[in-house]
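>>> One predicted model, sequence on top.
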Amino acid sequence: MQRKAYVPGAAALLAALVTGVTSCTSGGGTTDSATDAKANGAPASAAPPGRYRTLLEPCGSVERGTLKDLLPGVVTLPEDQQQQVLRGTPAVTYDTDRRAACSWKGQSPDSSHQVRVDFERVVSYDPAVSDDNRAQEVFAEKQSATSVPVALRPGDGGPEGETTASPSTTPSAGSGATPDLETRGGKGTEAPGKPEDPESSGQPSDDASPDGSPDGSANDPGGSPSGSASTAGLEPRVLEGLGNAAFIDDVLGRAGNTAQRRTVSVVFRTSNVIVTVVYAEQPALVTEVPDSQELQEKAQSVARRLAELFEE
């Protein structure tokens, strides 16, 4: 009987000791967690989103009167054919709020012209990088893929502020000055929710040459920027007063024995949207060379009007 009375008392004492130890351990753990949280600080807030959530409808973004000026051969067509050309050919994309494009092509006895507008809304998948910053990175990649000079940054091998020519002198398939968008096979923007390809993969088609460049100069060893033209000030260059950043590229190329084709591309960024305007002309005669100044002025006019529409 005495052993039975003694055992419960010992068990009660042991339980009390265990409870005290557990309480001390629990209290110490809570204090350590609170200290760690204060040391680490609160989680950093996500970078701000871009200004734009949607894009303009590309085929309706260029006025009919402007298109008639850009495509002089259109006015010689019957009315029904004019309307068909002026409606444009939209590019096929998975999400028109992320990528959209439209192209127009006009023929005349003297020359053929092509116009293309391309809109790309950039979204950053890194919470620490804003949409605008990511768009600027994409824009810089497009510029470096053309013959437009770029400023050297400190540590790039030259004095700060010095400029150098970009690695390529002609736009190649998928280059910055060429709208890299598939218009036939359904390839284009990444499906919604899927991270974007840093290289913005895809190729233009429909009015473009099979190699992906609108002027067919990607595989033309004779292609050259208009910087070698006799008129100074028309070389590929950075543009001021257009969006947040802009440049113009000008390439003159020849494919075999055909006439020379000049392609002018204006690319600008406004917040998290990158806009590309491509205007190309190919004369009917092999001896003729398209006017660089005229094409550049018209392409810039379209680009500035699009910038105004995005600001509305």
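That came through, no problem.

>>> where exactly do the helices run in the stretch 51-200 of the chain?
Using DSSP state H, counting those that start in this stretch, the helices of the stretch 51-200 of the chain run over 64-70, 79-87, 131-144.

>>> just the ones you listed: most buried one?
Per-stretch averages of neighbours, counted by mean count of other Cβ atoms under 10 Å, single out helix 131-144 among the helices of the stretch 51-200 of the chain, with a mean of 19. Bear in mind the C-beta positions are built from the backbone N, C-alpha and C, glycine included.

>>> ok, now which ones touch the closest residue to residue 247 other than its chain neighbours?
Setting aside the residues directly before and after it, residue 247 is nearest to residue 148 in space (Cβ to Cβ, 6 or more residues apart in numbering), at 4.5 Å. Residues in contact with residue 148, defined by Cβ atoms under 8 Å, 6 or more residues apart in numbering, are 166, 236-238, 247-249.

>>> swap in residue 120?
Contacts of residue 120 were listed using Cβ under 8 Å, 6+ apart, and they are 98-99, 138, 200, 273-276.

>>> for residue 51, same thing?
Residue 51 makes contact with 132, 270-273 under the criterion Cβ under 8 Å, 6+ apart.

>>> let's go with 7 Å and repeat that
When the contact criterion is Cβ atoms under 7 Å, 6 or more residues apart in numbering, the partners of residue 51 are 271-272.

>>> Alpha carbons of stretch 258-268, as CSV, please.
Extracted in CSV, the C-alpha atoms of stretch 258-268 (Å, rounded to 0.1, in the frame of the first residue of the first chain):
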residue,chain,number,x,y,z
THR,A,258,16.6,43.0,-107.9
ALA,A,259,16.2,46.7,-107.2
GLN,A,260,17.6,48.1,-103.9
ARG,A,261,15.2,48.1,-101.0
ARG,A,262,15.4,50.6,-98.2
THR,A,263,13.8,49.7,-94.8
VAL,A,264,13.4,52.4,-92.1
SER,A,265,12.5,51.3,-88.6
VAL,A,266,11.6,53.6,-85.7
VAL,A,267,11.4,52.0,-82.3
PHE,A,268,10.4,53.8,-79.1
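
>>> Buried among the contacts of residue 148? Need that as a selection in ChimeraX.
This is how ChimeraX selects the buried members of the contacts of residue 148, with burial counted by 16 or more other Cβ atoms under 10 Å:
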select :166,236,237,247,248,249
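
>>> Spatially, which two of the contacts of residue 148 are the most separated?
With Cβ to Cβ as the measure, no two of the contacts of residue 148 lie farther apart than 166 and 248, at 13.1 Å.

>>> In a markdown table, list the contacts of residue 120 along with pLDDT and distance to residue 125.
Rendered in a markdown table, the data for these read as follows (pLDDT from 0 to 100; distance: Cβ to Cβ, whole Å):
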| residue | pLDDT | distance to residue 125 |
| --- | --- | --- |
| 98 | 95 | 13 |
| 99 | 96 | 16 |
| 138 | 96 | 13 |
| 200 | 40 | 14 |
| 273 | 97 | 17 |
| 274 | 98 | 17 |
| 275 | 98 | 22 |
| 276 | 98 | 22 |
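
>>> Could I get those residues in a markdown table, plus columns for distance to residue 67?
Supplementary listing: the contacts of residue 120 in a markdown table, determined by distance: Cβ to Cβ, whole Å:
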| residue | distance to residue 67 |
| --- | --- |
| 98 | 25 |
| 99 | 22 |
| 138 | 28 |
| 200 | 26 |
| 273 | 22 |
| 274 | 22 |
| 275 | 17 |
| 276 | 17 |
